[in-house]
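[1] sequence plus the predicted model coming up.
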Amino acid sequence: MDPIDMMAADINCEDLGLSRLCLMENAGKCLSDEIAKISTFTFSKPVKIAIFTGSGGNGGDGFVAARHLLNRGFEVEIFLLASSNDIKSIDAQLNFEILENMIPRISRLKITELKDSSDVESIEIAKSKSFSEYVIVDGILGTGIKGQLREKVRKTIEVINESNALKIAIDVPTGMDPLTGEIPDIAVKPEYTMTFHKVKTGVKKASINDESSVGGLVICDIGIPIEAEIFLGTGDLLRLNTRKNTSHKGNNGKILIVGGSYDYHGAPAIAGLSAIASGADLIFIACPKSASLAIKEESLDLMVKGLKSDNEDYLNLDNLDEILKIIETIDVDAVLLGPGAGQKEETGKLFNILAKKIEKPLVLDADALKLVDPTIIKNREDLIITPHLSEFKSFFYDYIVNYKSNGNVDNVNEISLISETEEEDYEKLKEKIAIFQNIIKNINGTVVLKGKQDLIFNKNKIRINKTGNSGMTVGGTGDSLAGIATSLISQDLNVFDAGALATYLNGKAGDLAKEMYGNGFTASQLSEFLGLLMEDIYY
């Protein structure tokens with residue numbers, strides 16, 4: 001499991017009503033149980049437990065473990081590499097305060113702050129030569145490693161590795177990259193690594209390449225439900241990239257929206273406004289000349305190019321070269337096809353050629369879903385399509401017919417969204433999702449199926465979004481979603497995460513809009529709330 005997925009699931013538990021403090025308690029209790037087992041089977045006499053902690057969640061797990069180990073009769077010493085005032089995790093801070101409140105010391109607990117490298121060199125463990133004297137627990141960095149190791153941390157790793165004590169790492173050995181398993185400098189070399197919920201990707205890679213780098217792997221179930229991984233939630237905001245203070249115009253995303261027509265100019269404007277509000281720097285819209293003035297009047301922030309043609313009421317093959325030139329000249333990061341384009345045959349010819357020629361990540365929405373041949377884009381992995389159910393059936397019609405001919409469904413109309421009765425029936429829900437997955441597997445891109453619960457698919461992966469409300473049946477909310485998805489791709493999210501997070505942000509913006517305006521809110525008002533939503537990031 002990638003570290004970002006674990007961090008997101010951890011926070012998403014809060015959305016389900018399961019507190020992170022509870023998860024930390026479960027993690028620390030499981031850690032203490034495993035330490036006690038290992039100690040009992042390894043040593044013939046009681047040993048001291050030395051727990052090294054940093055400022056993050058792993059330190060909090062160590063604090064909880066210390067409390068439970070004390071109850072088992074162990075002598076515990078905690079070595080703080082971050083002062084108590086610098087503990088970043090609120091839950092870790094609360095668990096440290098519990099230990100601080102355990103004065104007078106009836107339990108055999110000692111807490112020592114290591115202020116610098118000289119403090120590290122002077123501790124008893126640094127001088128101990130006896131294997132049977134200590135169990136060392138590494139809770140310094142874990143998945144929180146960033147940049148080069150500080151000198152104090154580096155010295156601590158050296159002391160731990162040089163010790164003859166039995167060493168146990170919490171989640172990820174300090175110094176190891178939790179995603180790649182690489183060790184840029186040095187890392188703790190444990191006899192055991194206790195990982196929570198699932199093995200982290202880097203630990204798994206490291207264990208394959210060099211088992212001694214992680215030791216024996218022990219997986220602790222701390223009570224995170226699978227729903228915390230599948231349901232979109234607050235934790236998924238962690239996937240957003242932080243803007244650098246040194247960045248300049250265009251560094252945070254440039255997108256092109258190709259759409260609009262004489263009759264429909266609102267859709268590309270709504271998509272553009274939501275793209276800006278969700279973080280993209282520059283939004284370009286290529287549209288028929290007849291729609292350009294109306295789109296420009298929607299916002300001064302949209303850069304609108306009215307395309308010249310013999311017929312300037314809708315997009316057609318005359319516009320092909322000009323659109324491709326815009327993409328090349330501006331070097332856009334992602335392209336959205338479809339909003340408000342209409343369904344003229346000439347527009348369809350243009351879109352099919354564009355879908356084949358555009359080498360940038362591509363989002364297909366609205367009319368593009370009715371015009372683009374699925375066989376043209378089926379091998380694209382840098383693709384998002386955003387159909388509602390009717391568009392889904394139209395786009396995948398041939399695949400559904402083929403699926404039907406194999407006896408899987410009786411007719412196309414049997415394909416339906418998740419009903420209220422299916423929501424609470426595991427077997428029916430599993431069957432419904434399997435039908436969609438078997439149809440969607442015919443393309444390599446990400447499919448965002450819009451509904452009461454949005455279903456996001458990419459091959460065998462699925463996410464479910466539950467934000468949004470009945471007020472979002474107003475026209476244009478789908479254009480907003482497409483704009484957000486394109487914006488997130490331009491900010492370096494992969495297409496699956498971009499499609500999934502876009503549904504969450506769009507629906508959450510709709511929930512806030514309903515709170516402020518009631519059911520009378522408009523799709524263009526969703527952009528008012530997106531910026532603030534994206535700032536609600538846990539660190």
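    Structure's in. What do you need?
[2] so what does Lys189 have for phi and psi?
    phi -110, psi 90 (degrees, to the nearest 10).
[3] excluding chain neighbours, what is closest to it?
    Excluding its sequence neighbours, the residue lying closest to Lys189 (Cβ to Cβ, 6 or more residues apart in numbering) is Asn161, at 5.4 Å. (Each C-beta comes from the backbone N, C-alpha and C, glycine too.)
[4] my guess is that neighbour contacts Glu191. True?
    No. Between Asn161 and Glu191 there is no contact under Cβ atoms under 8 Å: 11.6 Å.
[5] need the overlap of contacts for the two.
    Lys167 (Cβ atoms under 8 Å, 6 or more residues apart in numbering).
[6] need the next SSE after the helix or strand containing the residue nearest to Lys189, C-terminal direction.
    Assigned by DSSP states H and E, Asn161 belongs to helix 151-162. Downstream of helix 151-162, the first helix or strand assigned by DSSP H and E is strand 166-170.
[7] domains of the protein?
    When the chain is parsed with automatic domain parsing, its domains come out as 3-230, 234-396+442-534.
[8] start to end distance for the longest one?
    Distance across domain 234-396+442-534, first residue to last, is 10 Å (Cα to Cα, to the nearest Å).
[9] can you pull the phi/psi pair for the closest residue to Ile385 other than its chain neighbours?
    Closest residue to Ile385 apart from its sequence neighbours, by Cβ to Cβ, 6+ apart: Leu364 at 4.6 Å. Phi and psi for Leu364, reported as degrees, to the nearest 10, are phi -110, psi 130.
[10] give me the number of residues near Leu364?
    The tally of other residues near Leu364 (other Cβ atoms under 10 Å) stands at 28.
[11] thinking it is in contact with Pro339, fair?
    No. Leu364 lies out of contact with Pro339 (Cβ under 8 Å); the separation is 10.3 Å.
[12] what sits against the nearest residue to His388 once chain neighbours are set aside?
    If the residues on either side of it in the chain are set aside, His388 comes closest to Lys450, at 4.6 Å by Cβ to Cβ, 6+ apart. Counting by Cβ under 8 Å, 6+ apart, Lys450 touches 386-389, 478, 481, 503.
[13] looking at those residues, which is nearest Ile78?
    Thr503 (43.3 Å; Cβ to Cβ).
[14] show me where the stretch 101-250 of the chain has its helices.
    Ranges of helices in the stretch 101-250 of the chain, per DSSP state H, counting those that start in this stretch, are 117-122, 124-127, 151-162, 201-209, 227-230.
[15] pipe those helices into a markdown table and attach mean pLDDT and distance to Ser261 per row.
    Compiled in a markdown table, those are given as follows (pLDDT from 0 to 100; distance: least, Cβ to Cβ, whole Å):
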| stretch | mean pLDDT | distance to Ser261 |
| --- | --- | --- |
| helix 117-122 | 92 | 68 |
| helix 124-127 | 80 | 73 |
| helix 151-162 | 95 | 60 |
| helix 201-209 | 95 | 46 |
| helix 227-230 | 98 | 38 |
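[16] distance of Gly54 from Gly142?
    Going from Gly54 to Gly142 by Cβ to Cβ, to the nearest Å gives 8 Å.
[17] so what sits against both of these two?
    Thr174.
[18] for burial, what's the neighbour tally of Asp221?
    Neighbours of Asp221 using other Cβ under 10 Å come to 11.
[19] surely it touches Met194?
    No. Contact between Asp221 and Met194 fails when scored by Cβ under 8 Å: they sit 11.8 Å apart.
[20] what residues are shared contacts of the two?
    Cys30.
[21] make TSV out of the helices of the stretch 101-250 of the chain and add distance to Leu493.
    What follows is the helices of the stretch 101-250 of the chain, written out as TSV (distance: least, Cβ to Cβ, whole Å):
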stretch	distance to Leu493
helix 117-122	40
helix 124-127	44
helix 151-162	31
helix 201-209	18
helix 227-230	17
